[in-house]
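# Take this sequence and fold it.
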Amino acid sequence: MIALVKRPQPSKLWTIATPLLAVLITMVLGGILFALMGKDPLEAIRTIFWDPLFHEQFASYSRPQLLVKAAPLILIAIGLSLGFKAGIWNIGAEGQYIMGALSGAAVGLALYPMDAWFIFPLMVIAGAIGGTLWAMIPAILKTRFNTNEILVSLMLVYVAEQLLASAALGWLRDPDGNGFPGSRNLSRIDSMSNPELIAGTGAHWGVVAAFAAVVAAYVLINKHMLGFQIRLSGESPRAAGFAGVNAKRLIVFCLGTAGALAGLAGIFEVTGPAGQISIDFNSGYGFTAIIVAFLGRLHPVGILLAGLLLALTFIGGELAQFMLGLPSASIQVFQGMLLMTLLAMDILVNYRVVWTSKKERAQ
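Numbering: from 1, shown residues only. Below you'll find the model as predicted:
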């Protein structure tokens, strides 16, 4: 019989190996899913993971898109990982992402048609503030009334989506848009645009911010007392209390930082790749970033790599929809499989699989 034996300490080897194993198992499960849909599983997996990077026909477009798609995922996941490490479960990054985009875009459009160098930096600051303030709602309710931050942050996503629809249909709608929903195209306004910094790479200011967030998070977690407090609170809240860690202050910091980074992701996206506030502006980055955070083991460098991998599934998924006729929902299921597989494989981190006899089981 097979039994699970608790490890004295989590396995460092399996901590590194399980994400890689989860990706491989997800490919197999995804291949079965695609086969049940009547598609060639090998062709589908190749189209998602190989063609965007190495196919001559698609690589010239897909490679720059890798950074474009990865930047918001990495920014949001870095913010979420700080809270997750501390045992603070912010599930509402999608709403904070939306509010950052709305706040920053509103500031820029309020100054239209002014053309000045300070407008874009002002929009970025407003985006960060918008995301932070939205995250402060569950933070304050948690610290003052001990509410559940999971439910509050998640429910606020739907409020943000309604505000997004209201803005696209009303108070931010383009007056010259012939009645169509959506704001002015910010990417076409020089003082409000977030263009490529190096032509052909896809790198814009959001990509720079994402890499800066990775470096800052690494230093914070590994070199700063606050990072130690975050790790201690997540591993042993009682010990953190004895060590003098202010739990309420930590909640506000983690949720506020996550909101600011999600808000930055929103404003960089709306001034660059998306271009405008629209009803369908939110593309699920806030929820996908949860997968990125856990796939990256809540480690900044791991999150960087996981963000690139999930961005690849976005690009490859779009390619598979176009080339193979796969529905978009199947790609979302595929991404969800990755998280579920990773969580299932985590058992190997904390437990050893052993063969036991009847006598050993009785003992």
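# contacts, neighbours, all on C-alpha from now
OK.
# which intervals of the stretch 251-363 of the chain have sub-threshold pLDDT?
For the stretch 251-363 of the chain, applying pLDDT under 70 flags the ranges 358-363.
# those helices in the stretch 251-363 of the chain, which residues are they?
285-295, 300-324, 328-345, 347-350, 358-362 (DSSP state H, counting those that start in this stretch).
# Identify all contacting residues around the first one.
Put plainly, it is helix 285-295. Residues outside helix 285-295 that contact it (C-alpha atoms under 8 Å, 6 or more residues apart in numbering) are 19, 72-74, 76-78, 80-81, 91-95, 97, 262, 299, 302-303, 306-307, 310, 336, 338-339, 342.
# now the helices for the stretch 1-150 of the chain?
12-36, 41-49, 51-54, 59-85, 93-110, 119-145, 149-166.
# Can you redo those as JSON lines, where the extra columns are mean neighbour count and mean pLDDT?
Listed next are the helices of the stretch 1-150 of the chain as JSON lines, based on neighbours: other C-alpha atoms under 10 Å; pLDDT from 0 to 100:
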{"stretch": "helix 12-36", "mean neighbour count": "17", "mean pLDDT": "90"}
{"stretch": "helix 41-49", "mean neighbour count": "19", "mean pLDDT": "91"}
{"stretch": "helix 51-54", "mean neighbour count": "20", "mean pLDDT": "87"}
{"stretch": "helix 59-85", "mean neighbour count": "26", "mean pLDDT": "92"}
{"stretch": "helix 93-110", "mean neighbour count": "28", "mean pLDDT": "96"}
{"stretch": "helix 119-145", "mean neighbour count": "22", "mean pLDDT": "96"}
{"stretch": "helix 149-166", "mean neighbour count": "18", "mean pLDDT": "96"}
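# Reformat these as TSV; add distance to residue 235.
Output for those, formatted as TSV (distance: least, C-alpha to C-alpha, whole Å):
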stretch	distance to residue 235
helix 12-36	16
helix 41-49	36
helix 51-54	39
helix 59-85	8
helix 93-110	23
helix 119-145	20
helix 149-166	19
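# Out of these, the one nearest residue 352 is which?
Of all the helices of the stretch 1-150 of the chain, helix 12-36 sits nearest to residue 352, with 10.3 Å by C-alpha to C-alpha.
# can you give me the angle the closest one makes with helix 328-345?
Counting by axes from the mean of the first three to the mean of the last three C-alpha atoms, to 10 degrees, helix 12-36 lies at 150 degrees to helix 328-345.
# ok, the closest residue to residue 94 other than its chain neighbours - how many residues close by?
Distance criterion C-alpha to C-alpha, 6 or more residues apart in numbering; nearest residue to residue 94, sequence neighbours excluded, is residue 286 at 3.9 Å. Residue 286: 27 surrounding residues under other C-alpha atoms under 10 Å.
# So which residues make contact with stretch 273-283?
68, 94, 97-98, 101-102, 105, 164-165, 167-169, 172, 181-188, 269-270.
# actually stretch 170-182, not the one I typed
Applying C-alpha under 8 Å, 6+ apart, the external contacts of stretch 170-182 come out as 106, 109, 167-169, 183-184, 276-279.
# pull the CA atoms of that stretch into PDB?
In PDB, the C-alpha atoms belonging to stretch 170-182 read as follows (Å, rounded to 0.1, in the frame of the first residue of the first chain):
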ATOM      1  CA  GLY A 170     -20.700  57.500 -19.900                       C
ATOM      2  CA  TRP A 171     -18.300  59.800 -18.100                       C
ATOM      3  CA  LEU A 172     -15.100  58.700 -20.000                       C
ATOM      4  CA  ARG A 173     -16.700  58.000 -23.400                       C
ATOM      5  CA  ASP A 174     -15.100  59.700 -26.400                       C
ATOM      6  CA  PRO A 175     -17.300  62.700 -27.400                       C
ATOM      7  CA  ASP A 176     -16.000  62.300 -30.900                       C
ATOM      8  CA  GLY A 177     -16.700  58.500 -31.000                       C
ATOM      9  CA  ASN A 178     -20.100  58.700 -32.700                       C
ATOM     10  CA  GLY A 179     -21.800  57.200 -29.700                       C
ATOM     11  CA  PHE A 180     -19.600  54.100 -29.500                       C
ATOM     12  CA  PRO A 181     -18.600  53.000 -26.000                       C
ATOM     13  CA  GLY A 182     -15.000  53.600 -25.000                       C
END
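# Go through it and flag the buried ones.
By 16 or more other C-alpha atoms under 10 Å, the buried positions in stretch 170-182 come out as 170, 172-174, 181-182.
# now, among those, which is nearest to residue 220?
Ranked by distance to residue 220 (C-alpha to C-alpha), the buried residues of stretch 170-182 are led by residue 172 at 37.8 Å.
# how about that closest one, phi and psi?
The phi/psi pair for residue 172 (degrees, to the nearest 10) reads phi -120, psi 10.
# And it, how far from residue 101?
Separation of residue 172 from residue 101 (C-alpha to C-alpha, to the nearest Å): 12 Å.
# if we can go back for a sec, quick one: the buried residues of stretch 170-182 as TSV, columns for pLDDT and secondary structure too.
Output for the buried residues of stretch 170-182, formatted as TSV (pLDDT from 0 to 100; DSSP: H, G, I helix; E, B strand; the rest coil):
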residue	pLDDT	secondary structure
170	89	helix
172	92	coil
173	93	coil
174	90	coil
181	90	coil
182	91	coil
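# What is the nearest of these to residue 194?
Nearest to residue 194 among the buried residues of stretch 170-182 is residue 182, at 18.2 Å by C-alpha to C-alpha.
# quick one: that closest one and residue 8, what's the gap?
Relative to residue 8, residue 182 is positioned 56 Å away (C-alpha to C-alpha).
# Same question for residue 170.
59 Å.
# What of residue 114?
Counting by C-alpha to C-alpha, the separation of residue 114 from residue 8 is 63 Å.
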